[in-house]
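[1] For reference, the sequence and a predicted model appear below.
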Amino acid sequence: MHGFYASASYHGGPMPSTKTDRAWTQEELKGNPHEEANKADRVRRMFGAIAHRYDLNNRVHSAWQDQAWRRRVVAMAKITPQDRVLDMACGTGDLTLLLAKAGPEAILGMDFTEEMLAHARVKAKRWGQRHQGRIPDFQQGDAMAIDLPDQSMDVVTIAFGIRNVTDPSIAIAEFARILAPGGRVLILEFSEPTNRLIRACNAFYTRHVMPWTASWLAGDRSGAYRYLPRSISTFAEPRELGVMMQAAGLTHIQQQRMTGGMCTISLATKP
Ligand SMILES: C[S@@+](CC[C@H](N)C(=O)[O-])C[C@H]1O[C@@H](n2cnc3c(N)ncnc32)[C@H](O)[C@@H]1O
């Protein structure tokens with residue numbers, strides 16, 4: 001299974017450019033961004049524009065909860081030393097590095113935005129100087145057409161990525177295809193809080209505070225942080241994600257809500 005790592009190593013060089021045009025207009029975000037034409041292209045441009053401040057914005061705007069949510073994914077994945085792990089839509093590699101710490105046999109981060117991967121590779125290099133164990137490899141790739149053989153992975157994770165994919169059901173079917181029997185898929189995604197008070201506070205914060213402060217921190221003009229709340233409120237509920245997992249032939253579906261339902265982890269197994 002290590003063949004594909006050969007093409008995944010980082011050769012250094014400058015970070016790709018972070019300058020970009022507007023990916024989403026105010027008008028487009030009044031509708032359903034998941035139904036907009038060229039969603040994949042807009043998503044890629046948007047993450048290219050915010051990559052340089054992505055981690056800082058995550059920490060600040062989740063009140064430092066985001067890493068705790070990712071750590072919960074790692075705990076639920078029950079990684080063994082024999083596991084081959086793919087972190088799809090890995091972005092700047094935060095979850096990939098936490099998974100690497102759990103000591104799997106092999107760990108690959110994949111994403112279609114080169115600017116995000118460039119940050120992940122730099123972080124992994126630094127991480128490797130401080131930790132023992134396998135340093136993750138990073139490779140550019142698309143969740144809807146994964147360039148990996150059938151049954152070549154034991155764990156597939158995707159954190160805050162499935163919402164950004166053009167057709168989540170195709171991506172989930174791809175996850176099922178590349179998993180070996182007994183393998184696990186874990187999807188971490190924002191959800192609407194179940195608690196009414198948390199839901200009201202969260203709605204105010206994500207619609208009226210965060211888009212301004214996060215755009216300012218990132219110097220962003222792509223519309224990424226106005227897309228974020230809209231993409232959450234118009235996305236599939238956890239129950240619908242469970243149905244997609246079932247349709248892909250996955251079983252033993254479990255869902256765990258966190259922080260008053262602000263995020264949900266969906267776990268399923270390949271029979
Ligand atoms: C919100 S970020 C999440 C990054 C990371 N997983 C984390 O926990 O912070 C979403 C990522 O999904 C990636 N993405 C969106 N659609 C994708 C696709 N079809 N294939 C691969 N990556 C995709 C974006 O490039 C972006 O890096």
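    Perfect, I can see it now. Numbers count the residues shown, from 1 in each chain.
[2] Name the residues of the helix or strand containing Gln139 that are buried.
    Assigned by DSSP states H and E, Gln139 falls within strand 137-140. Residues of strand 137-140 classed as buried: 137-139 (neighbour count, 16 or more other Cβ atoms under 10 Å). To be clear about C-beta, it is placed using only N, CA and C from the backbone, and glycine gets the same treatment.
[3] Also stretch 163-176?
    Residues of stretch 163-176 classed as buried: 163-166, 168-169, 171-176 (neighbour count, 16+ other Cβ under 10 Å).
[4] Can you tell me what sits against the longest helix seen in the chain?
    Longest helix in the chain by number of residues (criterion: DSSP state H): helix 114-130. Residues from elsewhere that reach helix 114-130 (Cβ atoms under 8 Å, 6 or more residues apart in numbering): 10, 15-18, 47-48, 51-52, 54-55, 90-93, 96-97, 100, 109, 111, 135-136, 138-140.
[5] Could I have the buried ones of the residues you listed as ChimeraX selection syntax?
    A single ChimeraX command selects the buried members of these (16+ other Cβ under 10 Å):
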select :18,47,48,51,52,54,55,90,91,92,93,96,97,100,109,111,135,136,138,139
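[6] If we check the ligand, which of the contacts of helix 114-130 are in contact?
    47, 90-91, 111 (Cβ under 6 Å from any ligand atom).
[7] For those residues, work out which two are farthest apart.
    Phe47 and Cys90 (11.4 Å; Cβ to Cβ).
[8] sorry, back to before: so which of the buried residues of stretch 163-176 also contact the ligand?
    Contacts with the ligand are made by 164-165 out of those, judged by Cβ under 6 Å from any ligand atom.
[9] could I get the buried residues of stretch 163-176 as TSV with distance to Ser191, pLDDT and secondary structure?
    Below are the buried residues of stretch 163-176 laid out as TSV (distance: Cβ to Cβ, whole Å; pLDDT from 0 to 100; DSSP: H, G, I helix; E, B strand; the rest coil):
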residue	distance to Ser191	pLDDT	secondary structure
Arg163	10	96	helix
Asn164	15	95	helix
Val165	16	96	coil
Thr166	20	94	coil
Pro168	14	97	helix
Ser169	18	98	helix
Ala171	18	98	helix
Ile172	16	98	helix
Ala173	22	98	helix
Glu174	22	98	helix
Phe175	19	98	helix
Ala176	22	98	helix
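[10] Relative to the ligand, which of the buried residues of strand 137-140 is nearest.
    Of all these, the ligand sits closest to Gln139, with 10.4 Å by Cβ to the nearest ligand atom.
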